[in-house]
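[1] Generate coordinates for the sequence data below:
(one chain, ligands or ions: 1)
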Amino acid sequence: MYDQAIINGRIYQNHTWQYKNIYLDGEKIAHISHELLPAERIIDVKGFEVLPGMIDPHVHFELDLGWIKSVDTFETGSRAALYGGVTSIIDFLEPTDHPDALEKAYFERRKQAEASMIDYTFHATIKSPKCDLEDYVKKMKSLGMHTLKLFTTYSDSNRRTDDEAIYELLRLSKKYHFLVLAHIENDALITLEPSYTYKDLLKSRPSLAETSEALKLASFVKETGGYLYMVHLSSGFTLEALIQSYQDIIGTHLFLETCPQYLLFDASVWNQDQGYLYTFAPPLRTKEEQELLKKNIGSIQTIGTDHCAFMKKDKQKATLKEIPLGVGGIESSLSLMRALMGDEAIDKMSERVAMIQGLRQKGKLEIGYDADIIFVKPHLYLIGEPHATSDYSMYTGLEGYGEVITTMIRGQIVYHNHKVFPHTGRWIEGSDITF
Ligand SMILES: [Zn+2]
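    Residues are numbered from 1 along each chain as shown. As a prediction, this is how the structure comes out:
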């Protein structure tokens, strides 16, 4: 006798739709078949789609920029995530330059994340390292982290990692089975004049900064045989250039993530009233670049939101310098991306994320996997007001496909029909990154 049975659903398994029943034992998926078997609790989901829970590989809850903090805590951010069928997140550690500081940052973040309602893990984050890189990597691995984020820019806040260190980290990624994540913008090509407003974002952070840095780092990957994941790729020009020169390593050594904002908007939105609400880094690009990004979406492996929300009043500033860059969006990403690209969105937000980020128990409706399962009403609908902390969402009023009705985490229903039930998320044990 199974604990729970989810019957009559149209389930998404192996990149295709099938009518099957899913049986759970405790927190795990125990059986999937056409058979009708006995279970203590039977959930009939006739008329609904059944999907694995989504994994957002890129969120910033309680991000402390020194002068301002992103407004979603692990509690409010994860609560909002439930509305969108997101059952796991990967957040980031405070950037550090030494193994001891890394360990301290890890324990601090673990403490904060205890408030999360959904499961979580972290990317370690390195900044202008002043230590033996191998020691840093060994410390990271010993803490159970297998992904390491670095910045090629933000030298002004001392967060930049130089080429020599990047090259060495890529070399080490192969030896120690971890993934290097990189924010790819060429530091020297970024300017921030005191007079710039948000309408100058493309002058401040041109596409060339992203494209040139991406090509350079891809060449390092090819040379070292390491593993690199480029976060929030924003420009179709960058994507086309990578496809042209590095097609052979995309999806095997080089992994690409983009975010809903770059697919759904272009820089013309800055001319609207409240255009300042559409501000993040890298910035929105031209219509042409947006179209190229969409056209080549098949070469992008994952979608992450880069959820980093602020209030309207934080954004409404006279100069660019005063605007915290970042936006929310975790609760609407799945529906928006499904409306845009269909089933491909599901793979890019669940199975593919788990595979690339080393989360072996997550991302699939498969026997032995965590029972992170969502029930979805298959219809077009308009994205409503956000449930996160921020008083706005760029996505309100846009059309989404597939409304999440129920979110189950490890066998427990945590969200159903606009109601959230108490739940404590858990640290996800990651694995060595091997491809
Ligand atoms: Zn980010």
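[2] what's the spacing between residue 357 and residue 121?
    Distance check for residue 357 against residue 121: by Cβ to Cβ, to the nearest Å, it reads 8 Å. C-beta here means a position set from N, CA and C on the backbone, and glycine is covered the same way.
[3] quick one, which of the two is more surrounded?
    Applying other Cβ atoms under 10 Å to residue 357 and residue 121 shows that residue 357 carries more neighbours, namely 27 against 24.
[4] which residues touch that one?
    When contacts are counted by Cβ atoms under 8 Å, 6 or more residues apart in numbering, residue 357 touches 55, 57, 90, 121, 146-147, 179, 430, 433.
[5] Out of those residues, grab the one that's most surrounded.
    The member of the contacts of residue 357 surrounded by the most neighbours (other Cβ under 10 Å) is residue 57, with 29 neighbours in all.
[6] after the helix ranked longest in the chain, next one along is what?
    Longest helix of the chain, by residue count under DSSP state H: helix 207-224. Next in sequence after helix 207-224, counting helices and strands by DSSP states H and E, comes strand 228-230.
[7] So for the next helix or strand after that next one, what gets flagged as buried?
    Reading on from strand 228-230 to the C-terminus, the next helix or strand found by DSSP H and E is helix 236-246. If you call a residue buried by 16 or more other Cβ atoms under 10 Å, then helix 236-246 has these buried ones: 236-242, 246.
[8] Let me have the residues you listed in TSV, adding pLDDT and distance to residue 337 as columns.
    Formatted as TSV, the buried residues of helix 236-246 follow (pLDDT from 0 to 100; distance: Cβ to Cβ, whole Å):
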residue	pLDDT	distance to residue 337
236	98	17
237	98	22
238	98	19
239	98	16
240	98	21
241	98	24
242	98	21
246	98	24
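[9] Out of these, which comes closest to residue 252?
    Among the buried residues of helix 236-246, residue 246 lies closest to residue 252 (Cβ to Cβ), at 10.4 Å.
[10] Spell out which residues sit in contact with the nearest residue to that closest one once chain neighbours are set aside, please.
    Closest residue to residue 246 apart from its sequence neighbours, by Cβ to Cβ, 6 or more residues apart in numbering: residue 218 at 4.4 Å. Neighbour list for residue 218: 228, 242, 245-246, 249, 254 [criterion: Cβ under 8 Å, 6+ apart].
[11] redo that, cut-off 6 Å
    When the contact criterion is Cβ atoms under 6 Å, 6 or more residues apart in numbering, the partners of residue 218 are 242, 246, 254.
[12] Repeat that for residue 159.
    Neighbour list for residue 159: 95, 127, 151 [criterion: Cβ under 6 Å, 6+ apart].
[13] Can you list the buried residues in stretch 171-182?
    Buried residues in stretch 171-182, counted by 16+ other Cβ under 10 Å: 171-173, 176-182.
[14] Now render the residues you listed as CSV, adding pLDDT.
    Shown next, in CSV, are the buried residues of stretch 171-182 (pLDDT from 0 to 100):
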residue, pLDDT
171, 98
172, 98
173, 98
176, 97
177, 97
178, 98
179, 98
180, 98
181, 98
182, 98
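[15] which one of the residues you listed is nearest residue 275?
    For the buried residues of stretch 171-182, the nearest to residue 275 is residue 182 (28.7 Å; Cβ to Cβ).
[16] chain center to the host helix or strand of that closest one, what's the gap?
    Assessed by DSSP H and E, residue 182 sits inside strand 179-183. From the chain centre to the centre of strand 179-183 is a distance of 13 Å (Cα atoms, centre = their mean, to the nearest Å).
[17] Extract the C-alpha set from it and format it as PDB.
    Only the C-alpha atoms of strand 179-183 are listed here, as PDB (Å, rounded to 0.1, in the frame of the first residue of the first chain):
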ATOM      1  CA  LEU A 179      30.800  24.100 -12.000                       C
ATOM      2  CA  VAL A 180      32.100  27.600 -12.400                       C
ATOM      3  CA  LEU A 181      29.400  30.200 -12.700                       C
ATOM      4  CA  ALA A 182      30.300  33.500 -14.200                       C
ATOM      5  CA  HIS A 183      28.600  36.900 -14.500                       C
END
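[18] Parallel or antiparallel, which strands does it pair with?
    In the sheet containing strand 179-183, its partner strands are strand 147-151 (parallel), strand 228-230 (parallel), by DSSP bridges.
[19] quick one: the first one to helix 207-224, angle?
    Meaning strand 147-151. With axes from the mean of the first three to the mean of the last three Cα atoms, to 10 degrees as the basis, strand 147-151 and helix 207-224 are set at 140 degrees to each other.
[20] Give the buried residues for strand 147-151.
    Neighbour-count burial for strand 147-151, counted by 16+ other Cβ under 10 Å, picks out 147-151.
[21] and if you look at stretch 397-408?
    For stretch 397-408, burial by neighbour count (16+ other Cβ under 10 Å) applies to 398, 400-408.
[22] Quick one: the helices in the stretch 251-400 of the chain, in order.
    Counting by DSSP state H, counting those that start in this stretch, the stretch 251-400 of the chain has helices at residues 260-264, 287-295, 312-315, 333-341, 344-349, 351-357.
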